[in-house]
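In: please work out how this folds:
(one chain, ligands or ions: 1)
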Amino acid sequence: MADKKQDIIIIGAGPAGISAALYARRAGLAVTVVTKGPGALAKAEGIENYYGFAEPITGAELERRGIEGAKRLGVAFQQGEVMQLGFNDAFNGYKVEGADFALEAPSVILAAGASRTTLSVPGLKEHEGKGVSYCAVCDAFFYRQKRVAVIGAGAYALHEAEVLAPHASEVHILTNGEQPQAAFPETMTVHTEKIAAIEGDGRVTGVRFEDGTMLPIDGVFLAIGTAGSTALARKAGILLDGANIKVDDAMATNVPGIFAAGDCTGGLLQVAKAVYEGAKAGLGAVKYVRVSKHSAGK
Ligand SMILES: Cc1cc2nc3c(=O)[nH]c(=O)nc-3n(C[C@H](O)[C@H](O)[C@H](O)COP(=O)(O)OP(=O)(O)OC[C@H]3O[C@@H](n4cnc5c(N)ncnc54)[C@H](O)[C@@H]3O)c2cc1C
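Out: Just a heads-up that it's a prediction; the model follows:
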């Protein structure tokens with residue numbers, strides 16, 4: 001496992017995250033990249049529109065070479081899924097947490113790729129902020145002694161459910177037709193029926209399943225698949241434009257010290273753009289860390 005304290009934590013080992021890591025590490029900072037495994041690039045059979053390759057290269061090989069190059073420069077790697085990103089008052093920086101690791105740094109670069117895990121059922125969009133939430137740690141407090149449901153079947157759903165459990169009177173897990181892929185405690189009721197709609201009258205009142213049955217509920221939390229870029233951004237209070245993270249020209253988000261790069265910022269979803277944005281985010285984070293260290297007199 002990587003050292004607990006770093007200058008910069010980068011979430012994602014695709015072209016954006018690795019490019020950011022190269023620039024930050026070559027500036028002499030301590031950099032850790034967290035990755036849950038292959039990203040979008042690994043799915044590309046052949047890349048022949050990226051600079052420097054006379055013959056097409058598979059996405060998996062390009063990704064592997066990028067990671068190896070970063071390791072050669074001394075970038076640390078942490079394997080695992082990030083499920084929580086938030087400010088840590090005690091440290092005056094950010095905490096990046098997974099099921100079995102926790103890292104802290106004054107600056108974070110989100111390069112976790114495009115978020116592709118969404119749910120399209122009637123009533124979901126209409127009730128966002130009115131009983132539909134994407135962040136348990138942000139909203140659990142509003143559901144004290146209320147009935148909540150987490151939509152998802154894996155480790156991320158379990159993480160969100162565990163955050164809600166001490167507050168809510170009931171926690172239901174809705175796998176929407178999938179088999180549960182995490183060990184949900186017996187105190188949580190698992191429903192495997194497919195979801196037909198989120199019902200409500202201005203606020204969520206329940207979930208209707210395809211078999212016609214209703215589950216009365218006060219709040220629904222989305223945690224499908226793994227925690228994607230937008231889910232992590234929401235947890236840290238980062239502004240979004242639809243499913244894309246909003247950034248300025250220096251790839252800075254609205255949250256000081258957090259930058260974003262690559263597919264998660266939208267636009268052209270290509271390696272060249274991810275690498276360019278990663279470089280800018282890496283340099284932006286270096287500047288931010290240096291200024292913070294200088295002001296703190298470190
Ligand atoms: C089938 C296919 C073919 C393509 N062909 C081309 C092509 O020919 N040319 C081209 O230029 N582009 C192509 N692309 C697009 C290209 O792959 C992407 O634009 C590029 O990979 C984006 O880089 P990224 O670093 O933003 O994200 P990704 O490459 O998706 O990397 C995301 C990283 O984030 C990590 N991650 C995500 N969530 C978490 C989490 N919660 N915790 C920890 N780690 C996390 C992943 O493990 C991964 O390491 C193709 C894409 C696909 C799917």
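In: so residue 107 sits right up against residue 289, yeah?
Out: Yes: in this structure, residue 107 is within contact of residue 289 by Cβ atoms under 8 Å, at 5.2 Å. Every residue, glycine included, has its C-beta placed from N, CA and C.
In: and those two? which has more neighbours close in?
Out: Between residue 107 and residue 289, counted using other Cβ atoms under 10 Å, the more crowded position is residue 107 (26 against 22).
In: what residues are up against that one?
Out: With Cβ atoms under 8 Å, 6 or more residues apart in numbering as the criterion, the residues that contact residue 107 are 7-9, 93-94, 257-259, 285, 288-289, 292.
In: any chance of JSON lines for those residues, columns pLDDT and distance to residue 226?
Out: Written out in JSON lines, the entries for the contacts of residue 107 read as follows (pLDDT from 0 to 100; distance: Cβ to Cβ, whole Å):
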{"residue": "7", "pLDDT": "97", "distance to residue 226": "26"}
{"residue": "8", "pLDDT": "98", "distance to residue 226": "22"}
{"residue": "9", "pLDDT": "98", "distance to residue 226": "17"}
{"residue": "93", "pLDDT": "91", "distance to residue 226": "24"}
{"residue": "94", "pLDDT": "96", "distance to residue 226": "19"}
{"residue": "257", "pLDDT": "97", "distance to residue 226": "24"}
{"residue": "258", "pLDDT": "98", "distance to residue 226": "19"}
{"residue": "259", "pLDDT": "98", "distance to residue 226": "21"}
{"residue": "285", "pLDDT": "98", "distance to residue 226": "24"}
{"residue": "288", "pLDDT": "97", "distance to residue 226": "27"}
{"residue": "289", "pLDDT": "97", "distance to residue 226": "28"}
{"residue": "292", "pLDDT": "89", "distance to residue 226": "30"}
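In: now, the residues you listed that are in strands?
Out: 8-9, 93-94, 258-259 (DSSP state E).
In: name the SS class of whatever residue of the stretch 51-200 of the chain ends up closest to the ligand, please.
Out: Residue of the stretch 51-200 of the chain nearest the ligand, by Cβ to the nearest ligand atom: residue 113 (2.7 Å). Here residue 113 is coil, with the state taken from DSSP: H, G, I helix; E, B strand; the rest coil.
In: and what of the one 5 residues further on?
Out: Look at residue 118: counting by three-state DSSP, its state is coil.
In: show the pLDDT at it.
Out: At residue 118, the pLDDT value in this model is 74.
In: any idea which helix or strand carries residue 78?
Out: Residue 78 is part of strand 76-79 when elements are defined by DSSP states H and E.
In: is the ligand contacted by the next helix-or-strand element following that strand?
Out: Stepping forward along the backbone from strand 76-79, the first helix or strand reached (DSSP H and E) is strand 84-88. No: in this structure, strand 84-88 remains apart from the ligand according to Cβ under 6 Å from any ligand atom; the gap is never smaller than 9.0 Å.
In: ok, residue 58 - contacts?
Out: Contacts of residue 58 by Cβ under 8 Å, 6+ apart are 44-47.
In: what do you get if the cut-off is 10 Å, keeping everything else the same?
Out: The contact partners of residue 58, taken as Cβ atoms under 10 Å, 6 or more residues apart in numbering, are 41-47, 64.
In: in helices, which of the residues you listed appear?
Out: Counting by DSSP state H, the part of these found in helices is residue 64.
In: which among the contacts of residue 58 end up buried?
Out: When neighbours are counted using 16 or more other Cβ atoms under 10 Å, those contain these buried positions: 41, 44, 47.
In: out of those residues, which touch the ligand?
Out: Checking those against the ligand (Cβ under 6 Å from any ligand atom), the matches are 41, 44, 47.
In: closest to residue 263 among those residues?
Out: Top of the list for closeness to residue 263, among those and by Cβ to Cβ, is residue 41 at 9.6 Å.
In: please name the nearest non-neighbouring residue to residue 122.
Out: Across the structure, with Cβ to Cβ, 6 or more residues apart in numbering as the measure, the residue nearest residue 122 apart from its sequence neighbours is residue 197 (4.3 Å).
In: appreciated, that's everything.
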